[in-house]
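1. Requesting a structural model of the entry that follows:
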Amino acid sequence: METIMGLGFAPTEYVDVSHHIETKVAMLEAHESQLTWLRDHDDVDILEQMKTATRFRDLQCGVHDAEGFVQCLTWLRGTTRRLLP
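-> Have a look, this model is predicted:
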């Protein structure tokens, strides 16, 4: 799945999360200690990064707010099946 910074990540699958973005924001906001630590220690706003990443991925696949993924093609993954639409 997407890394925090998205560096070197080229998704091949996309999931439309536009109907769930507010839930995702609320879930991240519930981790106040991590949010505060990342802001104070690394000057990172993880909420803004998540929103930016979903908006960027929406430009790639044509929906409003998306997450990107790459299928794991590791040997002995014979039970893997497509779950994304």
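2. all contacts plus neighbour counts: C-alpha atoms, from now on.
-> Fine.
3. CA atoms only for the top helix by length along the chain - export them in CSV, please.
-> What stands out as the longest helix in the chain, according to DSSP state H, is helix 46-61. Once side chains and other backbone atoms are set aside, the C-alpha atoms of helix 46-61 remain, and they are given as CSV (Å, rounded to 0.1, in the frame of the first residue of the first chain):
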residue,chain,number,x,y,z
ILE,A,46,0.1,13.3,8.8
LEU,A,47,-3.5,14.3,8.2
GLU,A,48,-2.5,16.8,5.5
GLN,A,49,-0.2,14.2,4.0
MET,A,50,-3.0,11.7,3.8
LYS,A,51,-5.4,14.2,2.2
THR,A,52,-2.8,15.3,-0.3
ALA,A,53,-2.0,11.6,-1.2
THR,A,54,-5.7,10.8,-1.8
ARG,A,55,-6.2,13.9,-3.9
PHE,A,56,-3.1,13.0,-6.0
ARG,A,57,-4.2,9.4,-6.5
ASP,A,58,-7.6,10.7,-7.6
LEU,A,59,-5.9,12.6,-10.4
GLN,A,60,-4.3,9.3,-11.5
CYS,A,61,-7.5,7.3,-11.6
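4. just how off-centre is the helix or strand just after it within its chain?
-> Using DSSP states H and E, the helix or strand that follows helix 46-61 towards the C-terminus is strand 66-69. Here strand 66-69 shows a centroid-to-chain-centroid distance of 6 Å under the convention CA atoms, centre = their mean, to the nearest Å.
5. Name every strand pairing with strand 66-69 and say which way it goes.
-> Take DSSP bridges as the rule and strand 66-69 pairs in its sheet with strand 13-16 (antiparallel).
6. moving C-terminal of the strand it pairs with, what's the next helix or strand?
-> Sequence-wise, the next helix or strand beyond strand 13-16 is helix 21-29, with elements assigned using DSSP H and E.
7. Contacts for that next one next, please.
-> Counting by CA atoms under 8 Å, 6 or more residues apart in numbering, helix 21-29 makes contact with Leu35, Leu47, Asp65, all of which sit outside it.
8. again, but for stretch 62-70
-> 1-2, 10-18, 21, 51, 53-58.
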